[in-house]
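Peer 1: coords please:
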Amino acid sequence: MLDARSLVKSYGGVKALDRADIRLRGGEVHALVGENGAGKSTLVRILSGTLAPDEGSVRLADRAREGGIAVVSQELSLFPDLTVRENLFPHRPPRRFGLLDRGAMDRAARPVLADLGLDVDPGTLLGELPLADQQLTEIARALLRRPRVLVLDEPTSALPAAAVDRLEQVLRTLTERGIAILYVTHFLEEVMRFAHRVTVLRDGRVTLAGVRGEEIGVPDLVKAMLGAAPPLPVRRERAPADGPPPVVLSEVCVPGRLTDVTFTVRAGEVVGVAGLQGAGHLDALAVVCGRTAVSAGRVGVGDRGLPRSLRDAIRAGVAFVPSDRKRFGLMTDRTVWENTTSVSWLALGRGGVMPSRAELVRRTADLTARLRLRGGPHDVVARLSGGNQQKVVFAKWLATDPRIVVLDDPTRGVDVGVRAEMHAIVGELAAGGAAVLVASTDLAELTEVCDRVLVFVRGRITAEVSGGRLTEHELAAAMQSGADVRSNGGEAHRS
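Peer 2: Have a look, this model is predicted:
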């Protein structure tokens, strides 16, 4: 159905694709896997015609040309305030006498909805449907174009297990009709379950090309994605403090996000959380920070229960360093001292009397010196480099003297020097008795700063990785396989 050969695409001096090939056959599910940044999205955009390659060719068989290629993206492009019918026909809907022909729309839609097992009234508002049915509606819209090649980009990233079972039936129906399906996913167990063939990308290059699914296993895929496993690192020893842990989550549930999540973070300990997009690890951070309410379970933060807001969490001694510093972490048009003291001078019930401006500037100077920030207290933040802006975010929260530090991608977009300095600060915080909870899209960062890492899959903790097993390979395998294992040799982690 489709034959793409020697595709090259560069952005500046970086090759997103480097002589990549892929061939799709009718009636087969062909999985495309690789780490973030491996080139999957670039390849999909080239196949769909939204991006031109620098070199190479994409050829469609005659039958495929008739129906073309349809892409169902990871981020749904639907309208929740419109009906299912209106979402299925966003462009050129059938008309009669100049008016929308709803009967014709329903007659065209019902067979496709039936094939997908989607028993809904086309007049239902899309936003009233569960997420799984919205995902199937997006697939139905693509199928109404009668494609011969269908690209599904992370179709199950936010779906519960029951919806994944439904999708398996959908894939079987589509392949029986001769459609070629390119299935882009991070979940390696789905590759083994669904795919007839597999192609793996690493750094823009194909490391496995169209291998039959029954000929390989998950360890083979991980090796193709990441390369040979490095030697196991020598882990540092860090002893958590005795006494009640500052962070306790027990059988916590958040509808559609977390299910029976249980873990603790002790004083003096750095605990990481990891998972693919939508896995629930970031929702766990949001619970601790008072940004997400829970429907069941028990939460203890500091000497309080569940924080009702970020302000409440700060009063309990929580510091939160967000991943998007410009949107959520900084006032870029203000000075360093104004940013650094923006939380502590509000006091939020801690400290009472407002310090003088001179005292706030002095405290800022002490913090910026500790963080080796290149810039003075009176410099405008927008004029600082990205790394120094991130140091200002750290300084703002260090000024609150936190007992619990929550970090979301703390070194995103900074250079290796600043990264090392930030990691040193994390170690100092733990050594000073703070409980540190960190999420990162960089698995190497988690292995460098954490004592142990909790792996989330579909809203549950499925693995705890620690000790000498705490490596990028081990984390990647746990995140992508979804196996319910405990990687330090103990029993299965209770999720």
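Peer 1: C-alpha only now, for contacts and for neighbours.
Peer 2: Fine.
Peer 1: how near is Arg172 to Ser250?
Peer 2: In this view, Arg172 and Ser250 are 40 Å apart by C-alpha to C-alpha, to the nearest Å.
Peer 1: Which parts of the protein belong to which domain?
Peer 2: Domains of the chain are assigned by automatic domain parsing as 2-226, 247-481.
Peer 1: Deepest-packed of these, please.
Peer 2: Across the domains of the chain, the average number of neighbours (mean count of other C-alpha atoms under 10 Å) peaks for domain 247-481, which reaches a mean of 20.
Peer 1: as a whole number, average confidence for stretch 311-325?
Peer 2: Averaging pLDDT along stretch 311-325 gives 79.
Peer 1: which other residues reach it?
Peer 2: Under the criterion C-alpha atoms under 8 Å, 6 or more residues apart in numbering, residues 288-290, 301-304, 307, 328-329, 348-350, 389-390, 393-394, 397-398, 400-410, 412 lie in contact with stretch 311-325.
Peer 1: roughly how far is that stretch from the heart of the chain?
Peer 2: When distances are taken as C-alpha atoms, centre = their mean, to the nearest Å, stretch 311-325 is centred 20 Å away from the chain's centroid.
Peer 1: Report the rounded mean pLDDT for the host helix or strand of Arg19.
Peer 2: Arg19 belongs to strand 14-24 when elements are defined using DSSP states H and E. What strand 14-24 shows for mean pLDDT is 92.
Peer 1: same for it, what does it pack against?
Peer 2: Contacts defined by 3 or more C-alpha pairs under 8 Å, 6 or more residues apart in numbering; DSSP states H and E place strand 14-24 against strand 2-11, helix 40-48, strand 180-184, strand 205-212.
Peer 1: how about a cut-off of 10 Å?
Peer 2: Of the remaining helices and strands, those touching strand 14-24 by 3 or more C-alpha pairs under 10 Å, 6 or more residues apart in numbering; DSSP states H and E are strand 2-11, strand 29-33, helix 40-48, strand 55-60, strand 180-184, strand 197-202, strand 205-212.
Peer 1: Nearest to Glu168 among the ones you listed would be which one?
Peer 2: Proximity to Glu168, assessed across the helices and strands packed on strand 14-24 by C-alpha to C-alpha, is greatest for strand 29-33 (10.7 Å).
Peer 1: now the strands: where do they sit in the stretch 201-350 of the chain?
Peer 2: For the stretch 201-350 of the chain, the strands defined by DSSP state E, counting those that start in this stretch occupy 205-212, 247-254, 258-265, 270-274, 296-301, 318-321.
Peer 1: lowest-confidence stretch among these?
Peer 2: With a mean of 85, strand 318-321 has the lowest mean pLDDT of the strands of the stretch 201-350 of the chain.
Peer 1: Return the list of strands paired to it, each annotated with direction.
Peer 2: Strands flanking strand 318-321 in the sheet, each with its direction: strand 404-408 (parallel) (DSSP bridges).
Peer 1: check contacts around the residue at the greatest distance from the centre of the chain.
Peer 2: Each residue of the chain has a distance to the centre, and by C-alpha atoms, centre = their mean the biggest one is for Phe97: 47.3 Å. With contact taken as C-alpha atoms under 10 Å, 6 or more residues apart in numbering, Phe97 is in contact with no other residue.
Peer 1: Next one, pLDDT for it please.
Peer 2: pLDDT for Phe97: 82.
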